[in-house]
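> Sequence and predicted structure below; questions after.
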Protein chains: 2
Amino acid sequence: MKKILLFGEPMALLTTTSYDSLDEAEMFKKTLAGAEVNVAIGLTRLGHQATYLTVLGDDPWGHYIKKKLYQEGIDTRLVYYNSLFPTGMMMKNQVIEGDPDIYYYRQGSAFSNIDTNLIDQINLNDFDQLHITGIPLALSSKTRETSLRLVKKAREAGLYISFDPNLRPSLWPNQTTMIDTTNEMAKYCNMFLPGNNEGKILMGSDDPEKIAVYYHQLGCDELVIKLGSQGAYYSSKNETLTVPGFNVKKVIDTVGAGDGFAAGIISGHLEALCSKDMLIRANAIGAIQVQTLGDNEGLPNIEELNTYLKKSHCEANPESWI
Amino acid sequence: MKKILLFGEPMALLTTTSYDSLDEAEMFKKTLAGAEVNVAIGLTRLGHQATYLTVLGDDPWGHYIKKKLYQEGIDTRLVYYNSLFPTGMMMKNQVIEGDPDIYYYRQGSAFSNIDTNLIDQINLNDFDQLHITGIPLALSSKTRETSLRLVKKAREAGLYISFDPNLRPSLWPNQTTMIDTTNEMAKYCNMFLPGNNEGKILMGSDDPEKIAVYYHQLGCDELVIKLGSQGAYYSSKNETLTVPGFNVKKVIDTVGAGDGFAAGIISGHLEALCSKDMLIRANAIGAIQVQTLGDNEGLPNIEELNTYLKKSHCEANPESWI
């Protein structure tokens, strides 16, 4: 079985149990959050072996996160504690319509204070693929340096590298730094997974063909461009392909949909699916995830995924989606 | 009406709704916490005008705290926000017996990063009394410097200064620093309020008479020494007095009892009660508070306090407690 390494900051997520604002709400439910956590959970539910590399505070949130990652079947031997700094936390409220309010308590976290030499202690030959996002690039100079060092070392070690830019302008000092750093990172990656709206910010166009040309020139072998409910576009040296999205009747919570999509792409790549099946899988997981409350609770296992695919295949005109 | 100034770090307190550990618990209820907050709430419930001087993060916990202080009737015009750092937070679990687990997320908080020049912007002539605790002495070099500057300036301005050492060894770098700094602070204060177990740590004896002699020599005019369920001991130049505690059938939660006691002493001092009545009031508030769950929810208003005093007076042999 192929082994995948993920790098990022898992957080304790406190969600209000009412529709009050974050200031007003009195009761909070704790769950596990973080873009890379969602991808890792998506992968293990599909039967893959994911190892999570991170640093947590040696505190109640940190202990909870490590235990929860383990319970999700994620390999936690590269989860480190640093007792000098706290574990990152985020808050979210419940909303009847529209996007929730989100607040991060992650500045100065144990992960933000990561020892940049940590990468040198890890045997990257243990892994076949590395998946990273743009979030650790944004958090602090230490996480940025560590991300870049990890990607360069992974490339030297021959790992296949997938990269989801996950643009979060609020975490960056300014837009120019966000754009330049993200594009610098893309140069070292085999597969780049932007949304077309992220392409607009990063290279000036939301046209998937133009985005693909730009990043092929930067050095990416494969491009998967998310087009929201329109589906996704794939491009390699030999092939381009658009796969439309699934019809979703009621969107409940969009958080985690992009991460579920990434889990679909990565698992498809690890299983050597053809590009069409890889995109169908990714679209399906994104569609399932938006119909469930929570950041990762809706991510399907392989049976649930196949059931959804079969059901959608029967209900729809197959020609319209394959 | 006399005006009292309090200085310290209010925190959002997350309490588990189950008896699980802090790591395991899933649901948390948010309330307001902090030793000085409890004292301030105790004072306003007794009809006094308390102004709270602090710095909060410009975030959901901070906005909640400022609003809640205001709702409790506390003057919040000296509550400042600093958007660069987070608001302090603490966690506590529910326990059937014994002390709860407590965890602080306050290192690097907005209050810990207080601007030491803040004191120079405040007109201390607006106030009659200052109450401080040893907690800001422990939190950071900035809060320590600010505490000492505040006390010196308050003394120059002629305010009466009460000081509860509130020893929290876990917040201090080491025991020697804790002892030396606390005793240094005591020199600038009119009234010192240690527990006799704190006397043991600070000057080597838990004998209230010896503790009183030591701190009178350091410069304190009045000493109130808490003796737990045994009551309290008072000492001034002209008078010494012991007042036994109230009989409490079932202790539910000891947190906040010492702060309620301090509110009793401070309010008694502001109302020019005789020392015996001041100690009876403080003991009564402590006794009421330990019979209620929560850090400050049990603190009585003046009617509740008087009802408790009358009831205890009737039930007990009056000679045994007065």
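Ah, there it is.

> going forward, measure contacts between C-alpha atoms and count neighbours the same way
Noted.

> ok, how many other residues are close to residue A:213?
When neighbours are counted by other Cα atoms under 10 Å in any protein chain shown, residue A:213 registers 15.

> tell me what the helix or strand where it lies is packed against?
Following DSSP states H and E, one finds residue A:213 within helix A:208-218. Contact analysis of helix A:208-218 by 3 or more Cα pairs under 8 Å, 6 or more residues apart in numbering or on different chains; DSSP states H and E lists helix A:196-203, strand A:222-226 as its packing neighbours.

> Flag every buried residue along the longest one.
The reference is to helix A:196-203. A:196, A:197, A:198, A:199, A:201, A:202 (16 or more other Cα atoms under 10 Å in any protein chain shown).

> ok, of the residues you listed, which one's closest to chain B?
residue A:201 (26.9 Å; Cα to the nearest Cα).

> Give me the nearest residue to that closest one, chain neighbours excluded.
Leaving aside its chain neighbours, residue A:201 sits nearest to residue A:179 (7.4 Å; criterion: Cα to Cα, 6 or more residues apart in numbering or on different chains).

> quick one: that neighbour is in a helix?
Yes - looking at residue A:179 with DSSP: H, G, I helix; E, B strand; the rest coil, it is inside a helix.

> Retrieve the pLDDT associated with residue A:3.
According to the prediction, residue A:3 has pLDDT 94.

> Would you confirm that it contacts residue A:47?
No - using Cα atoms under 8 Å, residue A:3 is not in contact with residue A:47, being 11.1 Å away.

> Now for those two: what residues contact both?
Shared contacts of residue A:3 and residue A:47, defined by Cα atoms under 8 Å, 6 or more residues apart in numbering or on different chains, are absent.

> roughly how far apart are the residue in the stretch 101-250 of chain A that chain B sits nearest to and residue B:269?
Nearest to chain B in the stretch 101-250 of chain A, going by Cα to the nearest Cα, is residue A:105, at a distance of 7.0 Å. Distance of residue A:105 to residue B:269, given as Cα to Cα, to the nearest Å: 41 Å.

> Which positions in the stretch 101-250 of chain A make contact with chain B?
Within reach of chain B by Cα under 8 Å from any Cα of the partner chain, the stretch 101-250 of chain A has these residues: A:103, A:105.

> Show me the helices in the stretch 101-250 of chain A, by range?
Under the criterion DSSP state H, counting those that start in this stretch, the stretch 101-250 of chain A contains helices at A:135-139, A:141-156, A:175-186, A:196-203, A:208-218.

> Counting by contacts, list what the second one packs against.
Looking back up the chat, that one is helix A:141-156. helix A:135-139, strand A:160-164.

> Contacts made by that helix with the rest, please.
By Cα under 8 Å, 6+ apart, the surrounding residues in contact with helix A:141-156 are A:111-119, A:124, A:130, A:136-138, A:160-161, A:185, A:188-189.

> can you do 6 Å?
Helix A:141-156 has contacts (Cα atoms under 6 Å, 6 or more residues apart in numbering or on different chains) with A:112, A:116, A:136, A:137.

> would you turn these into JSON lines with distance to residue A:173, neighbour count and pLDDT?
Compiled in JSON lines, these are given as follows (distance: Cα to Cα, whole Å; neighbours: other Cα atoms under 10 Å in any protein chain shown; pLDDT from 0 to 100):
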{"residue": "A:112", "distance to residue A:173": "15", "neighbour count": "25", "pLDDT": "97"}
{"residue": "A:116", "distance to residue A:173": "20", "neighbour count": "17", "pLDDT": "94"}
{"residue": "A:136", "distance to residue A:173": "13", "neighbour count": "23", "pLDDT": "97"}
{"residue": "A:137", "distance to residue A:173": "11", "neighbour count": "25", "pLDDT": "97"}
